[in-house]
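Novice: Here's my sequence, what's the structure:
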Amino acid sequence: SAPCALRLEVLLDRPLRVFHVEVEVTDINDNAPRFPAASKNISIAELTTMPGTRFPLEGASDADIGSNAQLSYTLSPSEHFSIEEETSDSRSKSLFLVLTKPLDRESLSEHRLVVTASDGGRPALTGTVQLVISVLDANDNAPQFNQSVYKVDLSEDALEGTVVARVAATDPDKGTNSEMIYEIDTFNPPSASDIFTIDANSGQIRLTAPLDYETVPLYDLHVKAKDKGTPPLSGHCKVVVEVLDVNDNAPEVWVTSLSVPVPEDAALGTVVALLSVSDRDSGPNGRVRCAVRPPSPFGLVATFAGSYSLVLREALDRERVSEYEVEVRAEDGGAPPLRASRGLRVPVSDVNDNAPAFAQAVYTVLARENNAAGAELARLWARDPDEAGNGRVSYSVWE
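Specialist: Residues are numbered from 1 along each chain as shown. Okay, the predicted model is just below:
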């Protein structure tokens, strides 16, 4: 993918600090273009196939990105054929073999050509496919679709059996030469063969399996209409199915670091925890808002894309509240929104911030004269609300 970035978090402890590091991986030209197959067979009728007729080819793919994946195509020398690229706004390029001069089967019944794909790297890498073109005696007219590209927007929650599109081709011939059979010639990606089917007689394309925008957002289907002439001729079109996202993924919240217990004299702004939030949906469906519930001395600060810090916003007092149950709630921007939550237990550790206190400031004691040494005169008690050693009291006579 481009850009390719690895996001890291460097944590320093005592005091807890976080640094965000982004490592960008740049591409080198280490992948040559590859065609789906080493060869492709094409049948073309002699004479009746007019110059300018185009035959769709499957382009090569290159696993690199950027200029290293920008492909250009060349065709081995031929007086009858040329290669042509066409870029449509469907986000994909179409590759065609173009007939430039009528064919004569009696002169040459088979043409063997090589299509070379070169990428934009330096030096460039190449891949090839061999075209085996058989020249046939065919009927006069090939089927023609009423449009070369069909564009369809389909929601990812569309039900199985939904009619995606209906393609239609016409053939001016008569009888069996004008009767057509429709089929999907090429699926891109190949997994689309399990998702779409076409009715051979009507040209109606239906959905046969669930869609998932997060897995594949765009499908290219190359449809062929083949007549029943002898030999048969074919017309071609492309159906571009763009999957529309629905809010079918709830946000996810992870605690990546937790620094507890928190001293009750911790400074405002102290980082207590680091959290990561994500949503596999896109657009508003993938935009997540976070909040802390119920109200507490802690709040959230966005530190990076999808990263939050849980920080101290108000002073703590362990003697008043010794532990907090904090819930971080995430809600996306879908309609209706989906939610997720993550609970954190934040104990507060004690500091010696309370002096011992007697029950009363002055004790009046009546003592009998002539009491023996060691006789008890009074019993005093002081309380310290601190914890453990901070709350243990010892006594001495000061004056």
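Novice: only C-alpha atoms for contact and neighbour calcs from this point on.
Specialist: Noted.
Novice: where does the stretch 1-150 of the chain have low pLDDT?
Specialist: Counting by pLDDT under 70, the ranges of the stretch 1-150 of the chain that qualify are 1-2, 87-92, 137-138.
Novice: how about the strands in it?
Specialist: Remark: strands assigned in the stretch 1-150 of the chain by DSSP state E, counting those that start in this stretch are 4-12, 17-25, 39-45, 54-57, 72-75, 81-87, 93-99, 110-118, 126-136, 144-145, 149-155.
Novice: and the closest residue to Phe358 other than its chain neighbours, how far is that from Glu183?
Specialist: Excluding its sequence neighbours, the residue lying closest to Phe358 (Cα to Cα, 6 or more residues apart in numbering) is Ala382, at 4.1 Å. Going from Ala382 to Glu183 by Cα to Cα, to the nearest Å gives 93 Å.
Novice: Of the two, give the one with the bigger neighbour count.
Specialist: Between Ala382 and Glu183, counted using other Cα atoms under 10 Å, the more crowded position is Glu183 (19 against 14).
Novice: give the contact list for Ile28.
Specialist: Asp64, Asn68 (Cα atoms under 8 Å, 6 or more residues apart in numbering).
Novice: My error: substitute Val255 in the last question.
Specialist: Each residue near Val255 by Cα under 8 Å, 6+ apart is listed here: Ala273, Leu274, Leu275, Ser276.
Novice: what about the first one, how many neighbours?
Specialist: Ala273 is flanked by 20 other residues according to other Cα under 10 Å.
Novice: One more: the second one?
Specialist: Using other Cα under 10 Å, Leu274 has 23 other residues around it.
Novice: The strands of the stretch 1-150 of the chain: which one's closest to Ser202?
Specialist: strand 144-145 (13.0 Å; Cα to Cα).
Novice: Quickly run through the sheet partners of the closest one, with directions.
Specialist: If you go by DSSP bridges, strand 144-145 pairs up with strand 169-170 (antiparallel).
Novice: can I assume Ala330 is in contact with Val292?
Specialist: No - counting by Cα atoms under 8 Å, Ala330 does not reach Val292; the two are 9.1 Å apart.
Novice: Which one's more surrounded, those two?
Specialist: Between Ala330 and Val292, counted using other Cα under 10 Å, Ala330 has the larger neighbour count: 24 against 19.
Novice: Model confidence for the nearest residue to the more buried one once chain neighbours are set aside, exactly?
Specialist: Once flanking residues are discounted, Ala330 sits nearest to Cys290: 4.5 Å by Cα to Cα, 6+ apart. With respect to pLDDT, Cys290 has a value of 93.
Novice: likewise the one 10 residues further on?
Specialist: In this model, Leu300 is scored at 93, pLDDT.
Novice: Distance-wise, check it relative to Val311.
Specialist: Taking Cα to Cα as the measure, Leu300 and Val311 are separated by 6 Å.
Novice: Show residues contacting stretch 203-216.
Specialist: Stretch 203-216 has contacts (Cα under 8 Å, 6+ apart) with 156-168, 182-183, 194-199, 243-245, 280-281.
Novice: Mark which of those are buried, thanks.
Specialist: Among the contacts of stretch 203-216, those classed as buried by 16 or more other Cα atoms under 10 Å are 156-158, 163-165, 167-168, 182-183, 196-198, 243-245, 280-281.
Novice: Can you list which of those residues are found in helices?
Specialist: Among these, the subset assigned to helices under DSSP state H is empty.
Novice: so where do the strands sit in the stretch 201-350 of the chain?
Specialist: Per DSSP E, counting those that start in this stretch, the stretch 201-350 of the chain carries strands over the ranges 204-207, 218-227, 234-244, 252-258, 262-263, 271-278, 288-293, 298-304, 307-312, 323-332, 339-349.
Novice: and the ones you listed, which is most packed in?
Specialist: strand 218-227 (a mean of 23; mean count of other Cα atoms under 10 Å).
Novice: I'd like the average pLDDT over that one.
Specialist: Strand 218-227 comes out with an average pLDDT of 95.
Novice: pLDDT value on Gly283, please?
Specialist: 87.
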